[in-house]
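J.: Next input, structure requested:
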Amino acid sequence: MGANLDDEESARPYIESLIVREFSQISSNWRSSETTQLYLNRHQIPVIWDIDTRALVRHIRNIGALRGVVSTDGTPADQLVFEAKQLPSMAGQELASRVTCPKSYGWDKSSVEVAVSPWSEQMGESDAHGETHKHRVVAYDFGIKQNILRLLVDHQCEVFVVPRRPPRKTSWK
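T.: Got it, this is the predicted structure:
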């Protein structure tokens, strides 16, 4: 448990709330820079625990996606029920527009230093001058994780990320 900037996989968390069986108040990750509770508080994400999550999942599988509200601020139950009833049904919702990037961008951050090996030369990834060929990759952002982008860069790709509906004309740097 715990959080640090190096492990974030998107510009912000896209969850509305967190429901778990157990929630540790202790940061056990040696790289964490803040507790999970502080991270969730900073992003205004309520968390509830001591929930039988297996029973909850079985219920959702049997009934289907339900509207719901998670609140930790003492709001009266009848108000929360009213708010839940105002939410749109999950059926047919298009959610990619909520997580896609607003505009295209290039990505060049790698996860590790990757040296050119004899194996990569045999695979055609290196030319006669020892320079690495770069493949150009256009990644559509439907909620893409940043580690996918880092791994593409690690594998000598030039990465360009576009929204789920990119502009008609996209140019490389």
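J.: which residue packs closest to E22, ignoring adjacent ones?
T.: Using C-beta to C-beta, 6 or more residues apart in numbering and skipping residues adjacent in sequence, the residue nearest E22 is W49, 6.2 Å away. The C-beta positions use only the backbone N, C-alpha and C, and glycine is treated the same way.
J.: give me every residue that touches that neighbour.
T.: By C-beta atoms under 8 Å, 6 or more residues apart in numbering, the contact list for W49 reads 19-23.
J.: Please apply the same query to I51.
T.: Contacts for I51 (C-beta under 8 Å, 6+ apart) come out as 19-21.
J.: That one: helix or strand, and which one exactly?
T.: Per DSSP states H and E: I51 is located in neither a helix nor a strand.
J.: just the one 3 residues further on next, same as before
T.: Counting by DSSP H and E, the secondary-structure element that holds R54 is helix 53-63.
J.: quick one: average pLDDT of that helix?
T.: For helix 53-63, mean pLDDT is 93.
J.: Over to stretch 155-168?
T.: pLDDT averaged over stretch 155-168 gives 85.
J.: cool, and stretch 6-15?
T.: The pLDDT scores in stretch 6-15 average 82.
J.: cool, stretch 138-149 as well?
T.: Average pLDDT, stretch 138-149: 92.
J.: quick one: contacts of that stretch?
T.: Under C-beta under 8 Å, 6+ apart, the answer for stretch 138-149 is 8-10, 14, 96, 99-101, 107, 109, 111, 152, 159-164, 166, 170.
J.: at 10 Å instead, please
T.: Contacts with stretch 138-149, where a contact means C-beta atoms under 10 Å, 6 or more residues apart in numbering, come from 7-11, 14, 95-102, 104-105, 107-111, 137, 151-152, 154, 157-166, 170, 172.
J.: Around L38, count how many other residues there are.
T.: Residue neighbour count, defined by other C-beta atoms under 10 Å, stands at 14 for L38.
J.: Wait, a helix at it?
T.: Yes - counting by DSSP: H, G, I helix; E, B strand; the rest coil, L38 falls inside a helix.
J.: From Q25, how far out is it?
T.: With the distance defined as C-beta to C-beta, to the nearest Å, L38 ends up 10 Å from Q25.
J.: circling back: any idea how far the helix holding R54 is from the chain center?
T.: In terms of C-alpha atoms, centre = their mean, to the nearest Å, the centre of helix 53-63 is found 24 Å from the chain centre.
J.: What helices and strands are in contact with the helix or strand following that helix?
T.: Remark: after helix 53-63, the chain's next helix or strand is helix 77-86, criterion DSSP H and E. Helix 77-86 sits against no helix or strand, with contacts defined as 3 or more C-beta pairs under 10 Å, 6 or more residues apart in numbering; DSSP states H and E.
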